[in-house]
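**Q** Dropping a prediction and its sequence here:
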Amino acid sequence: MTILFALTAILLFAFMIQQATGVFSFKELSGVTQEQAKPELSFDNLRGGRYQTEAENYLQQHYGFREPLTRLYNQSLWTVFRYSKVVEDQRIAITDDNWIFETPTIEEYYQSRSYHIANDASEVANKFEEEAQRLRQIQAILEPYGTHVFVALLPGKEQVCAEHMPKNTQFFEEKKITAFDFYSKRLKELGVNHINFGEWFIQQKGHTDYPLFPQTGAHWSILAAMHSTDSLIRYMEHLSDSNMINITIGAPFKRTMRPDADVENLMNLIWPLRKAPNYLAEANTDHDTTAWRPRLLTIGDSFYWNIAHFTPVDDIFTKAPYWYYFSSVYFDGPESKVIEKDLLKEVLMSDFVMLSYSTVGLYQMSNTFSSRILHEIYYDEDETGPVDFDSIPNKRSKKFLRYIELKQHNALE
């Protein structure tokens, strides 16, 4: 009895000491949680019951040994019952052979993603058409001044790994319209600059010595992103009739990086799932001292991270800010927000503006960038007017004209 009491006391004190000091460090749990602030003890909070509720919420996030205990609990449920909370919440689906797909990707495969926009297919198509027309206008206006706007149509896991898709579709209804199919056809018809990686990935399937998509990740593989970067550079050379620094990609070797299992990581298990190997390679530049180093502004979804983190972007471009979903700004000084930027100036200072979206992200193509930049081109801050910009094709804001004059004298900065 004495030994049992002593062990119980030691365990209790161990949890308290770990919570208070964090003497042992553990790998953080994956996923997004709302951080609970430490509650303030006061008579009013205690009397009203607010302190007790806030203290309970705080302790759920900060008790000692939370990380290993959570993983142990999740692992036991997965091993014994093949159960995971993220699957139960319909955030992901896992097939019998351990292929993981996020719910939006499954919706895209079964052509029901557009229901998040509207129930009527023609209404969805009209929305896509408006965006395509805005991109056509932006390209026509900015290209004469040296800013090349183009769209990178990135593949989805459902396109390349269709044979592994979950077969359970009871909560999906076919819509028979996808953003990728619409933009692939319409941008070409309108002459909007774009590069279609979806077609290339399907052609390359089974002909590469590395996976195009990792088995338990959401995004394209790191090596696929590297080779796509090479194609992007060559496309930009074609658009601008220039010679840019190119990249060289070394021999692939087995290595699983965090993005390769980003969806699996949400399960917070102790042991990784059984899966096919992932690969990595070294990406360098060809050190062409005569090559042009332009400025690239990227607006897009999370697929761009594998380019930003695993290719020598800083050696290829003089500056390459990334406007994540046209909201947060990365690789341009301290992290900031797009709303804090002078949108028109940033665009005109860029040699290339790339709208980079995967099959799922294309439903929110440009994330309002197109309408906002057109409004700044046509109207000054104190002006209002029709959103149908075709009705005022020759109008330009004073701000736009001023910036163009500065750019022509190499004084826009």
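**A** Nice, thanks for sending it over. Residues are numbered from 1 along each chain as shown.
**Q** which non-adjacent residue is nearest the most centrally placed residue in the chain?
**A** The centroid of the chain falls nearest to residue 302 when counting by Cα atoms, centre = their mean (1.0 Å). The spatial neighbour of residue 302 that comes closest, neighbours along the chain excluded (Cβ to Cβ, 6 or more residues apart in numbering), is residue 219 at 6.5 Å. (Each C-beta comes from the backbone N, C-alpha and C, glycine too.)
**Q** Could you do residue 236 as well?
**A** Residue 236's closest residue in space is residue 352 (Cβ to Cβ, 6+ apart), at 5.6 Å.
**Q** Check whether the one you found really touches residue 151, as I assumed.
**A** No - using Cβ atoms under 8 Å as the test, residue 352 is too far from residue 151 to be in contact (11.6 Å).
**Q** tell me the contacts of the residue nearest to residue 236?
**A** Residue 352 makes contact with 147-150, 236, 239-240, 294-297, according to Cβ atoms under 8 Å, 6 or more residues apart in numbering.
**Q** Same question for residue 400.
**A** Going by Cβ under 8 Å, 6+ apart, residue 400 touches 344, 376-378.
**Q** burial measure for residue 284, as a count.
**A** By the measure other Cβ atoms under 10 Å, the count of residues near residue 284 is 12.
**Q** Does it belong to a helix, a strand or coil?
**A** Following DSSP: H, G, I helix; E, B strand; the rest coil, residue 284 is assigned to strand.
**Q** Can you find the helix or strand of this structure with the lowest average pLDDT?
**A** One helix or strand of the chain scores below all others by mean pLDDT, DSSP states H and E: helix 50-62, with a mean of 64.
**Q** How about residues contacting the very next helix or strand once past it?
**A** Sequence-wise, the next helix or strand downstream of helix 50-62 (DSSP states H and E) is helix 66-81. Residues outside helix 66-81 that contact it (Cβ under 8 Å, 6+ apart): 26-29, 83-85, 267-271.
**Q** Can you point out the buried residues in helix 66-81?
**A** Going by neighbour count (16 or more other Cβ atoms under 10 Å), the buried part of helix 66-81 is 66, 71, 74, 77-78.
**Q** How about stretch 83-94?
**A** Quick answer for stretch 83-94 (16+ other Cβ under 10 Å): 84, 86-87, 92-94.
**Q** who touches that stretch?
**A** Residues from elsewhere that reach stretch 83-94, judged by Cβ under 8 Å, 6+ apart: 31, 74, 77-78, 100-103, 106, 166, 168, 171, 263, 266-267.
**Q** Double-check that residue 150 belongs to a helix.
**A** No - assigned with three-state DSSP, residue 150 falls outside any helix and is strand.
**Q** Now do the contacts for it.
**A** Per Cβ under 8 Å, 6+ apart, neighbours of residue 150: 139, 192-195, 235-236, 239, 352-355.
**Q** residue ranges of the strands in this protein, please?
**A** 92-94, 100-102, 148-153, 194-196, 247-249, 253-254, 279-280, 283-285, 296-300, 322-324, 328-330, 336-337, 352-357 (DSSP state E).
**Q** still on that earlier bit, looking at the contacts of stretch 83-94, which one is closest to residue 248?
**A** Comparing those against residue 248 with Cβ to Cβ picks out residue 263 as the nearest, at 30.4 Å.
**Q** Correct me if wrong: the closest one contacts residue 99.
**A** No - in this structure residue 263 lies outside contact range of residue 99 using Cβ under 8 Å: 10.2 Å.
**Q** Between those two, which contacts overlap?
**A** Contact criterion Cβ under 8 Å, 6+ apart; residues shared by residue 263 and residue 99: residue 216.
**Q** Comparing the two, which residue is more hemmed in?
**A** Set side by side, residue 263 and residue 99 show more neighbours around residue 263, with 24 against 21, by other Cβ under 10 Å.
**Q** returning to what we had before: make TSV from the contacts of helix 66-81 and add pLDDT and distance to residue 121 to it.
**A** What follows is the contacts of helix 66-81, written out as TSV (pLDDT from 0 to 100; distance: Cβ to Cβ, whole Å):
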residue	pLDDT	distance to residue 121
26	68	49
27	78	45
28	76	43
29	73	40
83	80	37
84	85	34
85	83	34
267	87	35
268	84	39
269	86	40
270	87	46
271	88	45
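**Q** Can you go through those residues and name the buried ones?
**A** Among the contacts of helix 66-81, the ones that count as buried by 16+ other Cβ under 10 Å are 84, 267-269.
**Q** closest to residue 361 among those?
**A** Distances from residue 361 to those, taken as Cβ to Cβ, are shortest for residue 267 (23.4 Å).
**Q** any idea how far the nearest residue to that closest one once chain neighbours are set aside is from residue 228?
**A** Excluding the flanking residues, the one nearest residue 267 by Cβ to Cβ, 6+ apart is residue 84, at 5.0 Å. Distance, residue 84 to residue 228, using Cβ to Cβ, to the nearest Å: 31 Å.
**Q** Residue 292 now?
**A** With distances taken as Cβ to Cβ, residue 292 is found 21 Å from residue 228.
**Q** Looking at these two, which is more packed in?
**A** Applying other Cβ under 10 Å to residue 292 and residue 228 shows that residue 228 carries more neighbours, namely 24 against 16.
**Q** Let me see the contact set for the more buried one.
**A** 154, 197, 220, 307.
**Q** Residue 211 against residue 256, yeah?
**A** No - counting by Cβ under 8 Å, residue 211 sits too far from residue 256 to count as a contact (11.0 Å).
**Q** neighbour count winner among the two?
**A** More crowded of residue 211 and residue 256, by other Cβ under 10 Å: residue 211, with 22 against 18.
**Q** Sweet, I'm off.
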